[in-house]
Each structure stands twice: as C-alpha cells, then as structure tokens.
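Enquirer: would you be able to build a 3D model of this:
(one chain, ligands or ions: 1)
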Amino acid sequence: MFGEVVVLAVRWPDLRHALDQAGSLQGKTLVSLVNPMNETYSELVIGHATSAAETVAQLATGARVVEAFNGIFADTLHSGSIRFGGQVPSVFFCGDDASAKGIVADLIKSIGLEGIDAGI
Ligand SMILES: NC(=O)c1ccc[n+]([C@@H]2O[C@H](COP(=O)([O-])OP(=O)(O)OC[C@H]3O[C@@H](n4cnc5c(N)ncnc54)[C@H](OP(=O)(O)O)[C@@H]3O)[C@@H](O)[C@H]2O)c1
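Expert: Numbering: from 1, shown residues only. The predicted structure follows:
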C-alpha cells in the first residue's frame, strides 16, 4: 500500500477482506470512516463495549488508526458548499496516536471543516 496516510472507507462486512488485501499498514496513518453497521444499515453489529476503530486497530497490525469522517455524509463533502446555512460541519475524530491525530486534524481543517478531538 503506497502513501503514508491511507483512507479506509469500506462497508463493515467487507472490512476483513479489504484489510487482508491491503497488505502491511505498519506505521501508516489509517483514517477509518467505517461504521460498524449491518448490510442494511439498520443496526450496530458490535454492541456498545467496543468500536469500529478498535476492531480496525486489531486487524491492521501496526497502523496508527484514527476514526474520522464517519459522521458526515459523502454527499455533503461533494456538494458545492460544505456549510449548513452559515455553519461549518463538525468532524469528530478519535484515536490513541497523537501524531496521527494531528495529521487528521490538519486534513480536516484544510478542507474547511471543524475538527473535534473526541479522545482515544
Ligand atoms: N457514504 C457516506 O456518506 C458515508 C459517511 C460516513 C461514513 N461512511 C462509511 O464508509 C464506509 C463505506 O461507505 P460507502 O457509502 O462509501 O459504501 P460504498 O459506496 O458501498 O463503497 C464501498 C467501497 O468499498 C470498496 N471495497 C469493497 N470491498 C473492498 C476490498 N476488499 N478492497 C478494497 N475496496 C473494497 C468498494 O469498491 P468496489 O465498488 O470496487 O466494490 C467501494 O468503492 C462504510 O463503513 C460507511 O459506514 C460512509
């Protein structure tokens, strides 16, 4: 996998296969947009005691995982204006690697959104 920052945007049922195919992500900043939802997006599939990001971190050995952008719709990002009225959308992000989170915070800011560090 080339690039120092890799975006993971697959549906939950495809997660394991996608990461298997990706090869080593050791040391890379892995931005996960993945929501742990079933195929019809009707329910959470992992309960409330863990998270998609924790699962991604377990599967992507050595990657510096940051969950971000999972609460903002692609259509919003692709629209001509990423504002709701005059409001800039907030993008929550979390992860346990401060350096990787800094990279993602800069990315969020660079595209005109408000990043909010939601912790680890
Ligand atoms: N769409 C949104 O607005 C939005 C917002 C926030 C978070 N998310 C999250 O982002 C994830 C993707 O959602 P989506 O709406 O973008 O789904 P999507 O339109 O179905 O796109 C999923 C993508 O994953 C690719 N893919 C599937 N298996 C793969 C594999 N083994 N290796 C590499 N790529 C693979 C697919 O490629 P092919 O088409 O070539 O199969 C497709 O481009 C979900 O977890 C969702 O919860 C989405």
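Enquirer: neighbouring contacts of the longest helix anywhere in the chain?
Expert: In the chain, assigned by DSSP state H, the helix with the most residues is helix 98-110. Contact partners of helix 98-110, identified using Cβ atoms under 8 Å, 6 or more residues apart in numbering, comprise 5, 29-31, 64-66, 68-69, 91, 93-95, 114-115, 117. To be clear about C-beta, it is placed using only N, CA and C from the backbone, and glycine gets the same treatment.
Enquirer: closest one of the residues you listed to residue 14?
Expert: Ranked by distance to residue 14 (Cβ to Cβ), the contacts of helix 98-110 are led by residue 30 at 15.4 Å.
Enquirer: strands paired with whichever strand or helix holds the closest one, and their directions?
Expert: In this structure, residue 30 sits in strand 29-32 according to DSSP states H and E. The pairing partners recorded for strand 29-32 under DSSP bridges are strand 5-8 (parallel), strand 64-68 (parallel).
Enquirer: pull out the buried residues from the first one.
Expert: Spelled out, it's strand 5-8. Neighbour-count burial for strand 5-8, counted by 16 or more other Cβ atoms under 10 Å, picks out 6, 8.
Enquirer: now that strand - C-alpha only, PDB.
Expert: Taking Å, rounded to 0.1, in the frame of the first residue of the first chain, the C-alpha atoms of strand 5-8 are listed here in PDB:
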ATOM      1  CA  VAL A   5      -1.900   8.200   5.000                       C
ATOM      2  CA  VAL A   6      -4.400   5.600   4.000                       C
ATOM      3  CA  VAL A   7      -8.200   6.100   4.000                       C
ATOM      4  CA  LEU A   8     -10.300   3.100   4.800                       C
END
